[in-house]
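Asker: structural data only, the sequence is not supplied:
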């Protein structure tokens, strides 16, 4: 049985694409599902619709794989609740945005097969009872612990059952950084400006801060041994994604609009913390972090 912890857009996307008799949701520790199943309408990338009804799994003793699609700030607590009841051999794949939460999980359970995933699949929930596969992409999966290295091929094979494009990545950290860069350069601006992704590109606030932001990130990456992209390369990558997803609402803007805590601490906030450890100034990342926190509940 494949378990999914986190019933947001991404978790529901993966759940809808697995064979329905092989997957179930795990409730969050503070949740008490009123119904035995979680039901929603799934709209495929081709536009067809079907009804999904999956059980809430109360006894995870027979899990062979766990996908964790919770918000970054919720991940550690959720796993602390469930892992004592999950077989130690079951691989755990983390799908969180940003960085920091993945390392915390791997540090907490170094003996377990912990993997991280970076995905460009697009999914959204126009309303509580509907999930739309809004854009096809790719997913990269790689090990965070030694025990996960021997499980990588099997995990990729299981995830590929969905029909999504999944790749094995022996060194997943650079891939996670690629997504972090894009999230750090788009999400806080859309949240602060309350606009879809593409609208930031002509806004004076974005234009006056993007170059120094990219300079900070480039210095952090070089000092952290992640790579040596130029600030210009990072800006080009950010703006390309913003143009390609011009009408999309970022997850951070969505959190603000819905009164939820954002993942800013694991995106620009993570870069601020890294800067402190490496003695690299991160004034723009700090500014963006502070402004987003002023808009969101804590």
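Answerer: Thanks, I have the structure now. Since the structure is predicted, the reported quantities are computational estimates derived from the model, not experimental observations. Numbers count the residues shown, from 1 in each chain.
Asker: all strands in this structure, in order from the N-terminus.
Answerer: 2-5, 23-26, 37-43, 49-55, 65-68, 92-94, 114-119, 122-127, 130-135, 139-143, 166-168 (DSSP state E).
Asker: okay, these in JSON lines with mean pLDDT, distance to residue 175 and mean neighbour count next?
Answerer: For glycine as for every other residue, the C-beta is placed from the backbone atoms N, C-alpha and C. Output for these, formatted as JSON lines (pLDDT from 0 to 100; distance: least, C-beta to C-beta, whole Å; neighbours: other C-beta atoms under 10 Å):
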{"stretch": "strand 2-5", "mean pLDDT": "97", "distance to residue 175": "21", "mean neighbour count": "24"}
{"stretch": "strand 23-26", "mean pLDDT": "96", "distance to residue 175": "25", "mean neighbour count": "23"}
{"stretch": "strand 37-43", "mean pLDDT": "95", "distance to residue 175": "27", "mean neighbour count": "16"}
{"stretch": "strand 49-55", "mean pLDDT": "96", "distance to residue 175": "29", "mean neighbour count": "13"}
{"stretch": "strand 65-68", "mean pLDDT": "98", "distance to residue 175": "17", "mean neighbour count": "24"}
{"stretch": "strand 92-94", "mean pLDDT": "98", "distance to residue 175": "13", "mean neighbour count": "28"}
{"stretch": "strand 114-119", "mean pLDDT": "97", "distance to residue 175": "5", "mean neighbour count": "26"}
{"stretch": "strand 122-127", "mean pLDDT": "88", "distance to residue 175": "17", "mean neighbour count": "15"}
{"stretch": "strand 130-135", "mean pLDDT": "92", "distance to residue 175": "18", "mean neighbour count": "18"}
{"stretch": "strand 139-143", "mean pLDDT": "98", "distance to residue 175": "5", "mean neighbour count": "23"}
{"stretch": "strand 166-168", "mean pLDDT": "98", "distance to residue 175": "9", "mean neighbour count": "16"}
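Asker: and those strands: which comes nearest residue 16?
Answerer: Taking C-beta to C-beta, strand 37-43 is the member of those nearest to residue 16, at 4.1 Å.
Asker: gap between residue 68 and residue 238?
Answerer: Distance, residue 68 to residue 238, by C-beta to C-beta, to the nearest Å: 27 Å.
Asker: that'll do, ta.
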